[in-house]
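[1] next come a sequence and a model predicted from it.
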2 protein chains.
Amino acid sequence: MPPAVTPDSRMVSRKLEMILRHSARVFAEKGYEGASIRDISRASGVSLSGLYYYIESKQKLLYLIQIHTFRTILSRLQQDLQGVSDPAARLRILVHNHLEYFLRHPMEMKVLAREDDVLQGDYRKEVAEIKRRYYGTALEIFEELRRAGQARRLNPRIAVLSLFGMMNWIHTWHRPQVDPQAEALSDVMSQMFLHGVMNGHGLESQKLSRAARSGLKVAARVAG
Amino acid sequence: MPPAVTPDSRMVSRKLEMILRHSARVFAEKGYEGASIRDISRASGVSLSGLYYYIESKQKLLYLIQIHTFRTILSRLQQDLQGVSDPAARLRILVHNHLEYFLRHPMEMKVLAREDDVLQGDYRKEVAEIKRRYYGTALEIFEELRRAGQARRLNPRIAVLSLFGMMNWIHTWHRPQVDPQAEALSDVMSQMFLHGVMNGHGLESQKLSRAARSGLKVAARVAG
DNA sequence: CTGTTATTCGAACGAACGTTCGACTCAGGA
DNA sequence: TCCTGAGTCGAACGTTCGTTCGAATAACAG
């Protein structure tokens, strides 16, 4: 039990967190491979060798950023989903939670989306495992949607991964000063997805299908 | 006018194309910064210095891959769109053209999607320009959809970029042996998008909206 | 044949890379 | 007071990086 004045583990992790923040920014700007430890040293104000007091390798730096981000997003999602049973509402929560976090932490978002297959060994496995759980949650929600009669018989994998595509691609184009914020954006994307996978009973969807399908012939001719 | 036997520019460009193919694979596997010219030398069978007879820098290698891919996709799209006026059909053609090319050239797809902000100077400008034209085509089609009463008053930028997100994210998950091919995939994504942005006159969409919106309150509470 | 041009490559360049090491400071406990 | 251990850093390690250069070879023209 160290006295209050001691620079205890809280202090240490404070500095580590600071390093992680700067690292995420540098990784986001130059990519993991394109960024050097020297860049991170410069950005964080910690000397080159001083960094290695807090992390044992560059890979661990990336690992810590990714695992922390995924854990936070997943735990907030589970929290927000509690007590909500309507499938469409649950999907909206998922989208909102995802975009809310990503637009608030754009650097981490970029690192998560871009540096997907950089990690190796146990680092890789751990990140893959938590990502799989996150994906699984989305998949369950989609199945609920379908059981509730609010989704067509789509390939669930395709539907869910398309949704993630919409959301994750944001990091390539979103400009905070120009584009809608998390609230509006998650509204639009949730609606797009829910309408997109919805059981189409209306006449419009059938008309649409026929007209659109005729255009495909041209594409098939050229591609064949 | 050189004789037929001369290793003319066609021969040279043949070898350059071979180098570009191998480069795309290496860039896709290890990322642009993570891949070394030596990796490309090994993969293509051309000696390290021999590569520089065909390209003047590593950046130019990436530039050539990106510009060629964009040019091909864009020109095929314009070809396929000719004579088709129905907006929904035109959108289906765009999606099909995009996915067809990407699934046939997965390495180039990955390089295009991931190495978005690596190029500098004129290389960057040229690629950005053709990408802007491609994006513009998609935007026009969406506006046509809206004029035809087949799309809600969505932010067109958001709608179109969401569609590109769906399509481009594929490079992170598509496994040719497991997942649907271009035909089925573009069918699903076109439908999802068209339904997603469609004017919702049916009762279902309104029911959905109300139920889903109620779930958002939870998310707003936590995020606020 | 000789001369010229196109193609290829081994060897090397200087710079930058991730990481290590030993020395230093400084505060707290004995 | 001396000792200990956490924190910090300059300097250097060996390796790899993108690129260059000059020599060698191959292919054709005259």
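    Great, that's in hand. Numbers count the residues shown, from 1 in each chain, chains lettered A, B, ... in the order given.

[2] got the contact list for the residue nearest the centre of chain A?
    Taking C-alpha atoms, centre = their mean, the centroid of chain A lies closest to residue A:168, which sits 5.6 Å from it. Residues near residue A:168 by C-beta atoms under 8 Å, 6 or more residues apart in numbering or on different chains: A:102, A:109, A:112, A:113, B:165, B:169. In short, each C-beta sits where N, CA and C put it, glycine included.

[3] how near is it to residue B:173?
    11 Å (C-beta to C-beta, to the nearest Å).

[4] ok, now residue A:139?
    On the measure of C-beta to C-beta, residue A:139 and residue B:173 end up 13 Å apart.

[5] do a quick rundown of the helices in chain A.
    Along chain A, counting by DSSP state H, helices occupy A:9-30, A:37-44, A:48-51, A:58-81, A:87-104, A:106-114, A:121-147, A:156-169, A:182-197, A:203-223.

[6] I'd like the ones you listed laid out as a markdown table, including distance to residue B:58 and mean pLDDT.
    As requested, those are arranged in a markdown table below (distance: least, C-beta to C-beta, whole Å; pLDDT from 0 to 100):
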| stretch | distance to residue B:58 | mean pLDDT |
| --- | --- | --- |
| helix A:9-30 | 15 | 86 |
| helix A:37-44 | 19 | 97 |
| helix A:48-51 | 26 | 96 |
| helix A:58-81 | 21 | 97 |
| helix A:87-104 | 31 | 97 |
| helix A:106-114 | 19 | 96 |
| helix A:121-147 | 27 | 96 |
| helix A:156-169 | 26 | 98 |
| helix A:182-197 | 36 | 95 |
| helix A:203-223 | 33 | 41 |
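
[7] now render the ones you listed as TSV, adding distance to residue B:182.
    Shown next, in TSV, are the helices of chain A (distance: least, C-beta to C-beta, whole Å):
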stretch	distance to residue B:182
helix A:9-30	32
helix A:37-44	40
helix A:48-51	46
helix A:58-81	31
helix A:87-104	27
helix A:106-114	23
helix A:121-147	23
helix A:156-169	13
helix A:182-197	19
helix A:203-223	8
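
[8] ok, which of those comes nearest DNA strand D?
    Between DNA strand D and these, the shortest gap by C-beta to the nearest atom of the strand is with helix A:48-51, which sits at 2.5 Å.

[9] list the helices and strands that closest one packs on?
    helix A:37-44 (3 or more C-beta pairs under 8 Å, 6 or more residues apart in numbering or on different chains; DSSP states H and E).

[10] what angle do the helix it packs on and helix A:58-81 make?
    Computed by axes from the mean of the first three to the mean of the last three C-alpha atoms, to 10 degrees, the angle separating helix A:37-44 from helix A:58-81 equals 50 degrees.

[11] for residue A:129, give its distance to residue A:136.
    In terms of C-beta to C-beta, residue A:129 sits 11 Å off from residue A:136.

[12] over to residue A:97?
    Distance, residue A:97 to residue A:136, using C-beta to C-beta: 15 Å.

[13] how about the nearest residue to residue A:158, chain neighbours excluded?
    With C-beta to C-beta, 6 or more residues apart in numbering or on different chains as the criterion, residue A:158 has its nearest non-adjacent residue at 5.4 Å, and that residue is residue B:188.

[14] residue A:120 too?
    With C-beta to C-beta, 6+ apart as the criterion, residue A:120 has its nearest non-adjacent residue at 7.0 Å, and that residue is residue A:59.

[15] ok, residue A:101 touching residue A:74?
    No. Here residue A:101 lies out of contact with residue A:74, judged by C-beta atoms under 8 Å, at a distance of 10.2 Å.
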